[in-house]
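In: just coords:
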């Protein structure tokens, strides 16, 4: 595992900011880390990167514990904090040269030009950082996180404050990076998570309330999907009762039905077979799932079990 978190805990006074959480991120995964403000996302990321000491539990990066091997694990991590601290009076290449010295990177000039191209900074590379737009400042932070070629990327709100065009551009950069590296990133933009991730971890009040694939999370609380089917012909409800895995049939119109099921792919296949057997014409066939926003609101509005 690239990241392994076991019973990780952080306490501030009487409040548990992170309350004994456990999760793993495998090599090559892009995982979205979601939660409302104050849920413990940034605190967790800081403990994984070694910038904050855990009060309990353990974090491992590439098989080494962060607490016992802080310097070694930091070499394997590229970290873009939410605040993205930069030296605004330095030029882009000057700043990246400074970061290469921190990480003792060899072939500095070559590496600097590589990451500038990788994050799309080429057209702004001759400017001072303070002259750049918010989007290009984020790219500088991302370049700094990549300059030492880490195995793991920890990105805390990488698109915060960006306009829609900049969000799309940074999203594409992250998707490309995910082909080679393990990426854990937090975001408040749920559409962004849907566009990038196959798996999501949701934290609320310091506890993990969900850790699953997007497709599984987007099922309703009953574990059901809805299959909407419309026929050209008028069909009676009882003509569909033999469909396996359908728990409820709603007739919206003489030819339009809503089918509740835990196995939408099987039902879609059966509908196609049934239409062929009976010479029915299917006008439309689609599956509906709960949106990630609905799932997020449902999970983070629930009280946490003690």
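Out: Looks like it came in fine. Owing to the predicted nature of the structure, the values given are computational and were not obtained by experimental measurement.
In: can you pull out the strands in the stretch 151-300 of the chain?
Out: Taking DSSP state E, counting those that start in this stretch, the strands of the stretch 151-300 of the chain run over residues 152-156, 182-186, 199-204, 207-213, 225-231, 246-253, 256-261, 282-288.
In: Contacts for the third one next, please.
Out: This points to strand 199-204. 21, 23, 29-36, 39-41, 44, 193, 208-214, 217, 292, 295-296, 299-300, 302, 304 (Cβ atoms under 8 Å, 6 or more residues apart in numbering). C-betas here are computed from N, CA, C, even on glycine.
In: related to what we said a few turns ago, a markdown table for the strands of the stretch 151-300 of the chain, including distance to residue 111?
Out: Shown next, in a markdown table, are the strands of the stretch 151-300 of the chain (distance: least, Cβ to Cβ, whole Å):
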| stretch | distance to residue 111 |
| --- | --- |
| strand 152-156 | 16 |
| strand 182-186 | 20 |
| strand 199-204 | 31 |
| strand 207-213 | 35 |
| strand 225-231 | 47 |
| strand 246-253 | 57 |
| strand 256-261 | 52 |
| strand 282-288 | 46 |
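In: looking at the ones you listed, which is closest to residue 120?
Out: strand 152-156 (15.7 Å; Cβ to Cβ).
In: and the closest one, what does it pack onto?
Out: In terms of contacts (3 or more Cβ pairs under 8 Å, 6 or more residues apart in numbering; DSSP states H and E), strand 152-156 is packed against helix 41-49, strand 77-80, helix 134-146, strand 182-186.
In: The second one: partners in the sheet, and parallel or antiparallel?
Out: The one in question is strand 77-80. strand 152-156 (parallel) (DSSP bridges).
In: Could you pull out the buried residues of the partner strand?
Out: By neighbour count on 16 or more other Cβ atoms under 10 Å, the buried set for strand 152-156 is 152-156.
In: now stretch 237-245
Out: Neighbour counts over stretch 237-245 (16+ other Cβ under 10 Å) mark 240, 243, 245 as buried.
In: Can you tell me which of the buried residues of strand 152-156 lies closest to residue 123?
Out: residue 155 (22.6 Å).
In: Once you drop chain neighbours, what's closest to that closest one?
Out: Leaving aside its sequence neighbours, residue 155 sits nearest to residue 185 (Cβ to Cβ, 6 or more residues apart in numbering; 3.8 Å).
In: who touches the closest residue to residue 181 other than its chain neighbours in this structure?
Out: In space, and not counting its chain neighbours, residue 181 is closest to residue 153: 5.3 Å by Cβ to Cβ, 6+ apart. Neighbour list for residue 153: 77-80, 145-146, 177, 181-185 [criterion: Cβ under 8 Å, 6+ apart].
In: In these, which has the lowest confidence score?
Out: Taking those together, the minimum pLDDT is found at residue 177 (86).
In: quick one: it and residue 184 touch, right?
Out: No: if you go by Cβ atoms under 8 Å, residue 177 and residue 184 don't touch, sitting 11.9 Å apart.
In: now the end-to-end length of stretch 143-153.
Out: Across stretch 143-153, the terminal residues are separated by 11 Å (Cα to Cα, to the nearest Å).
In: tell me which residues in it are buried?
Out: Buried residues in stretch 143-153, defined by neighbour count with 16+ other Cβ under 10 Å: 143-148, 150, 152-153.
In: Repeat that for stretch 118-127.
Out: 118-121, 124-125.
In: Report the contact partners of residue 147.
Out: Per Cβ under 8 Å, 6+ apart, neighbours of residue 147: 96, 99-100, 103, 105, 111-112, 115.
In: I'd like the residues you listed as a markdown table, with distance to residue 69, pLDDT and neighbour count appended.
Out: Output for the contacts of residue 147, formatted as a markdown table (distance: Cβ to Cβ, whole Å; pLDDT from 0 to 100; neighbours: other Cβ atoms under 10 Å):
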| residue | distance to residue 69 | pLDDT | neighbour count |
| --- | --- | --- | --- |
| 96 | 26 | 97 | 26 |
| 99 | 21 | 95 | 20 |
| 100 | 22 | 95 | 20 |
| 103 | 16 | 91 | 17 |
| 105 | 20 | 91 | 17 |
| 111 | 24 | 95 | 21 |
| 112 | 28 | 96 | 22 |
| 115 | 25 | 94 | 22 |
